[in-house]
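A.B. asks: Could you work out the structure for the sequence below:
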Amino acid sequence: MSISLRKSFRWLAVPLVLLAVMLLSHGTASAATTVTYSNFTASNLGDFQLNEATASLNPNNNNVLRLTNNYGQAGSAFLKNPISLASDASFSTAFRFEIHGSQSGGADGLVFVVQTVSNTAGGGGGGIGYQGIANSLGIEFDTWNNGNGGNPETACDDDDNHVGINLNGSLCSDPRINVDSLGQMDAGGFWYAWVDYDGFNQWLEVRVSRTDSRPADALLSKSVDLLAVLGQTDAYVGFTSGTGGAMSVHDIVTWEFTGEFAPIDAPPPLVDTDEDGIVDPQDNCANDANADQTDSDGDGIGNVCDPTPNGDGDRDGDGDGDGDGGSKRDILNSCKQGGSNGRDKAPGLDKPFNDKSKAANNVCK
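C.D. replies: So this is what the prediction gives:
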């Protein structure tokens, strides 16, 4: 991550004779904070408060900010410290995201959020982790139709591939737009988003693209007094996501945010941390060079960084070189973890032993 301070001036359409006055009165504008992330690693994830499912998914082998990745989850990630927006709550942001690995139809999407509640804020999976967050602006990228379940609170959410502007934790976007013409958001591949709020004119714009070139025209726009919505200018900024009976993997890939109205041309570029010719989010071992991307067990983690490259059966949780499932030494370690017959969990093992040897049946007795 990089943090920078930059100054901007808001110019008014005035006669040139007032130019000197403008320079004097606006030349002391306060500096705005800008945060930039080209990836998300152990070295910069400390900037974030990771909540619920998100806390266990980072860091990961793709160096992305992973919000959810399984059924029935909710998660959020907010910068730990609030960012001071401009006095009129202006801001600009741009980010690259990917929704992939969808199962059972894919769900539920992700939300970019500016809020003043706390850095631990978040809602349930069906509400994309955003529902119920007061004093907030949410830009939702929604991939599930919640409008056919009979719940009046979600009846308005009846489109499974839309972008919307939401306020105060409501799932009822106003406005919203279907993005089928750009593709299905939960079908994988990078998507790009720009959100700009001009507090002077109280005007919000959202842009979305499949490339990193900023579109000339906004996809959505709205007149809103964001300062009145937030109640203050010190805001927590980040993302939420959720899943339910259907799921997708929801990743923020790169992100830039600045606490002033200063539209950003493109999200931060992708990086190749291990310099193996494959950018981090597409590299199955982003921190260990492996140009061949060999993944023997097909779990999405390359052999070079996979503790069990041939599947869970070869796990060696205690690092003794014998593997968790076979040696008497590992069975003894299992006993030390409270097992009664050597078949319980050894250190680092996520499944019980399936060892029918004499040693396994008797060593703990």
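A.B. asks: any idea how far S104 is from the spatially most central residue of the chain?
C.D. replies: Nearest to the geometric centre of the chain sits I252, at 4.0 Å (Cα atoms, centre = their mean). Using Cβ to Cβ, to the nearest Å, we find I252 at a distance of 23 Å from S104. Glycine gets a C-beta too; all of them are placed from N, C-alpha and C.
A.B. asks: my guess is the residue nearest to the centre of the chain contacts T93, does it?
C.D. replies: No. Counting by Cβ atoms under 8 Å, I252 does not reach T93; the two are 11.2 Å apart.
A.B. asks: Which residues are in contact with each of these two?
C.D. replies: The overlap between the contact sets of I252 and T93 (Cβ atoms under 8 Å, 6 or more residues apart in numbering) is empty.
A.B. asks: Helices along the stretch 101-250 of the chain, start to end?
C.D. replies: 226-230 (DSSP state H, counting those that start in this stretch).
A.B. asks: low-scoring stretches of it, by residue?
C.D. replies: 148-154 (pLDDT under 70).
A.B. asks: can we see that at 80?
C.D. replies: 147-155 (pLDDT under 80).
A.B. asks: Could you point out the helix or strand that follows the helix or strand N51 falls within?
C.D. replies: Element membership of N51, judged by DSSP states H and E, is strand 48-52. Downstream of strand 48-52, the first helix or strand assigned by DSSP H and E is strand 65-68.
A.B. asks: Packing partners of the following helix or strand past that next one?
C.D. replies: Sequence-wise, the next helix or strand downstream of strand 65-68 (DSSP H and E) is strand 74-79. When contacts are defined as 3 or more Cβ pairs under 8 Å, 6 or more residues apart in numbering; DSSP states H and E, strand 74-79 sits against strand 48-52, strand 65-68, strand 109-115, strand 234-242.
A.B. asks: Nearest approach to L220 belongs to which of those?
C.D. replies: Closest of those to L220 is strand 109-115, at 12.5 Å (criterion: Cβ to Cβ).
A.B. asks: Tell me the helices and strands packed up against that closest one.
C.D. replies: By 3+ Cβ pairs under 8 Å, 6+ apart, strand 109-115 packs against strand 74-79, strand 91-103, strand 136-142, helix 226-230, strand 234-242, strand 247-258.
A.B. asks: closest one to R66 among these?
C.D. replies: That would be strand 247-258 among the helices and strands packed on strand 109-115, by Cβ to Cβ, at 5.4 Å.
A.B. asks: starting at the chain centroid, how far to that closest one?
C.D. replies: Taking Cα atoms, centre = their mean, to the nearest Å, one finds the center of strand 247-258 at 4 Å from the center of the full chain.
A.B. asks: Which strands border that strand, and is each parallel or antiparallel?
C.D. replies: The strands beside strand 247-258 in its sheet (DSSP bridges) come out as strand 32-37 (antiparallel), strand 65-68 (antiparallel), strand 91-103 (antiparallel).
A.B. asks: Other residues contacting the shortest one?
C.D. replies: Residues outside strand 65-68 that contact it (Cβ under 8 Å, 6+ apart): 37, 40, 45, 48, 53-54, 57-58, 60, 74-77, 110, 125, 129, 239-243, 247-253, 255.
A.B. asks: same question for it, mean pLDDT?
C.D. replies: What strand 65-68 shows for mean pLDDT is 98.
A.B. asks: before we move on, the earlier item: highest mean neighbour count out of the strands paired with strand 247-258?
C.D. replies: Stretch with highest mean neighbour count among the strands paired with strand 247-258: strand 65-68 (a mean of 29; mean count of other Cβ atoms under 10 Å).
A.B. asks: hmm, back to that, what separation do you get for the nearest residue to the residue nearest to the centre of the chain once chain neighbours are set aside and G123?
C.D. replies: Nearest residue to I252, sequence neighbours excluded (Cβ to Cβ, 6 or more residues apart in numbering): L65, at 4.1 Å. Here the criterion is Cβ to Cβ. By it, L65 lies 18 Å from G123.
A.B. asks: same deal with G302?
C.D. replies: If you go by Cβ to Cβ, the gap between G302 and G123 works out to 35 Å.
A.B. asks: Tell me which residues are up against stretch 274-288.
C.D. replies: 39, 41, 61-64, 98, 251, 253, 270-273, 289-291, 293, 295, 300-302, 304-306.
A.B. asks: Separate out the buried members of those residues.
C.D. replies: By neighbour count, with 16 or more other Cβ atoms under 10 Å, the contacts of stretch 274-288 hold 39, 41, 61-64, 98, 251, 253, 270-271, 273, 289-290, 295, 301-302, 304-306 as buried.
A.B. asks: so can I have CSV of the strands paired with strand 247-258 showing distance to A262?
C.D. replies: Output for the strands paired with strand 247-258, formatted as CSV (distance: least, Cβ to Cβ, whole Å):
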stretch, distance to A262
strand 32-37, 7
strand 65-68, 23
strand 91-103, 5
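A.B. asks: Can you tell me which of these is nearest to E260?
C.D. replies: strand 32-37 (3.7 Å).
A.B. asks: Quick one: the strands in the stretch 151-300 of the chain, in order.
C.D. replies: For the stretch 151-300 of the chain, applying DSSP state E, counting those that start in this stretch gives strands covering 162-167, 176-178, 190-198, 203-209, 220-223, 234-242, 247-258.
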